[in-house]
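# Let's see this in three dimensions:
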Amino acid sequence: MAKSASAKEISFIEKMEKSLSELKREIINNLIASSEDFKSIVDALDPKDLADVASDDMDRKMIEAIGAQDLRRMKMIDAALARIKQGKYGVCIKCTTKIPKERLEAIPYAIMCIDCKSAEEKRNR
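As a prediction, this is how the structure comes out:
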């Protein structure tokens, strides 16, 4: 029976690795699209029109903010993929208990169990 659970665990981790890789591809595609959007904003820029310059600057800052958020998620995904390779995926970094599969399916790059994450969020309020 333990062997069956182990095979299920391996299958789940492989599924999560695939999910993380797909998320990473999606973020990369978003960043490329954002860069193309930014390029079109710059190409269309008329430096004589100050109102447009201000508006384009706001668009650029928004694109950069979205990119920064995606880059943060990408780092978390890369860290999760590294934990898979190290055999440490799905273990809370605070209390070392197993993170429930449902949580990992919802947030594949989660590093804490729900209890530890909740406690951390309460401390940060």
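# how far away is the closest residue to N30 other than its chain neighbours from L104?
Leaving aside its sequence neighbours, N30 sits nearest to D70 (CB to CB, 6 or more residues apart in numbering; 5.7 Å). (Each C-beta comes from the backbone N, C-alpha and C, glycine too.) Separation of D70 from L104 (CB to CB, to the nearest Å): 20 Å.
# neighbour count winner among the two?
L104 (21 against 16; other CB atoms under 10 Å).
# quick one: the more buried one and K122, what's the gap?
22 Å.
# again with I28
Note on I28: its distance to K122, by CB to CB, is 34 Å.
# neighbour count winner among these two?
Per other CB under 10 Å, whichever of I28 and K122 has more neighbours is I28, with 12 against 8.
# Run through this structure and note the low-pLDDT ranges.
Filtered on pLDDT under 70, the chain yields the residue ranges 1-5, 34-66.
# Isn't the residue nearest to N30 up against R25?
No - between D70 and R25 there is no contact under CB atoms under 8 Å: 11.9 Å.
# anything in contact with each of those two?
By CB atoms under 8 Å, 6 or more residues apart in numbering, D70 and R25 have no common neighbours.
# re earlier: ramachandran coordinates for the residue nearest to N30?
phi -60, psi -40 (degrees, to the nearest 10).
# who does K98 bridge with?
In this entry, K98 is beta-bridged to V91, by DSSP bridges.
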